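>>> Generate a structure from the sequence data that follows.
(chains A, B, C and D)
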2 protein chains.
Amino acid sequence: MTNLFISDMYQRKTPEDLQCGITIAMKVFGAKWKPCLLDAIQRGFRRPSEMHREIRGATPRVLDMQLRELEVSGIVEKRQSAGFPLYTEYTLTDIGRSIMPVIDRINEWGLMHKELLREVDLQSMSL
Amino acid sequence: MTNLFISDMYQRKTPEDLQCGITIAMKVFGAKWKPCLLDAIQRGFRRPSEMHREIRGATPRVLDMQLRELEVSGIVEKRQSAGFPLYTEYTLTDIGRSIMPVIDRINEWGLMHKELLREVDLQSMSL
DNA sequence: GTTAATACCGAATAAATTTTCGGTTACCGA
DNA sequence: TCGGTAACCGAAAATTTATTCGGTATTAAC
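Sure, this is the predicted structure:
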């Protein structure tokens, strides 16, 4: 199951604090491939098939699911024109665009601190 | 298992992109209780027992584990003075402090968009 | 009417993360 | 010596999240 928070058959077992901004934010864009998807859309890959080709690490299935969740939470918008080949495109909503600077900050911090993961890997820690 | 990324017996099954800033950042402070712990420390709760009392939603065990991971990754520093009762305190390192504005941005965004989770919950979505 | 492209979905399984539960060690004071 | 506080740790179980695999529907060119 993914973090769909809509009325679905899935019932969470552990309570969540929906007053906490971090919890909310993580529900909305904290899943494994959501930042990638948002980034891909922003870089102009709007069609599912394009995203599937662009994001190599993920299977199409998980991208479809997380894209759908982003749509349900109002982060992206889907437009589909019947025809051949079927043409679907996703774009960021205003709210979706407002996430980007936050993701950028996270990414920036991570890039600035690559060494944290390296360093620690070298020492043979006694846990 | 938690996201310990140190040489431990646990071997990841799925590959990770350690060049991606988001992946790195999420490994360092993306676990369920890490932002809470960092926030608690910043607010002056430095002793494990204090944090256990402060963060009600989590069991002491998980807080201990994630605190340890924060220590291993150089985000917090542990100081212990022998004596009675045993006194241990954790403080943020410089790198640890540099995370706080990022967490603040995430939290801010979440608080600003509480309605996303509410709204969607009301509509009976057809998935 | 068979094949090919695009965009999905369902269900089982696997993997990762968190929780539960019950320890241990060290020290002090009654 | 027994009880009580602080700070942990190990292992199994439960929960959550992601992956795998195999579908469906539409259109359209050959």
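>>> make it CA atoms for all contacts and neighbour counts henceforth
Will do.
>>> what's the helix or strand harbouring A:Ser98 in contact with?
Following DSSP states H and E, one finds A:Ser98 within helix A:94-112. With Cα atoms under 8 Å, 6 or more residues apart in numbering or on different chains as the contact definition, helix A:94-112 has outside contacts at A:35, A:38-39, A:74-76, B:19-25, B:99, B:102, B:105-106, B:109.
>>> In helices only, show me these.
Counted as lying in helices by DSSP state H, out of the contacts of helix A:94-112, are A:35, A:38-39, B:21-25, B:99, B:102, B:105-106, B:109.
>>> Nearest to A:Leu116 among these?
B:Ile24 (8.6 Å; Cα to Cα).
>>> Give me the distance between the nearest residue to the closest one once chain neighbours are set aside and DNA strand C.
Closest residue in space to B:Ile24, ignoring its immediate chain neighbours: A:Gly110 at 5.1 Å, by Cα to Cα, 6 or more residues apart in numbering or on different chains. Between A:Gly110 and DNA strand C the computed distance is 16 Å (Cα to the nearest atom of the strand, to the nearest Å).
>>> repeat for A:Ile99
Counting by Cα to the nearest atom of the strand - A:Ile99 and DNA strand C are separated by 22 Å.
>>> And A:Arg79, by the same measure?
Distance from A:Arg79 to DNA strand C, by Cα to the nearest atom of the strand: 8 Å.
>>> correct me, but that residue touches A:Thr88?
Yes - counting by Cα atoms under 8 Å, A:Thr88 is a contact partner of A:Arg79 at 5.7 Å.
>>> So which residues on chain A come close to DNA strand D?
A:1-3, A:11-15, A:31-33, A:57-62, A:82-86, A:127 (Cα under 7 Å from any atom of the strand).
>>> and with 10 Å instead?
Residues of chain A that fall close to DNA strand D, judged by Cα under 10 Å from any atom of the strand: A:1-5, A:10-16, A:23, A:26-27, A:29-34, A:57-66, A:81-87, A:126-127.
>>> Many thanks, I have nothing further to ask.
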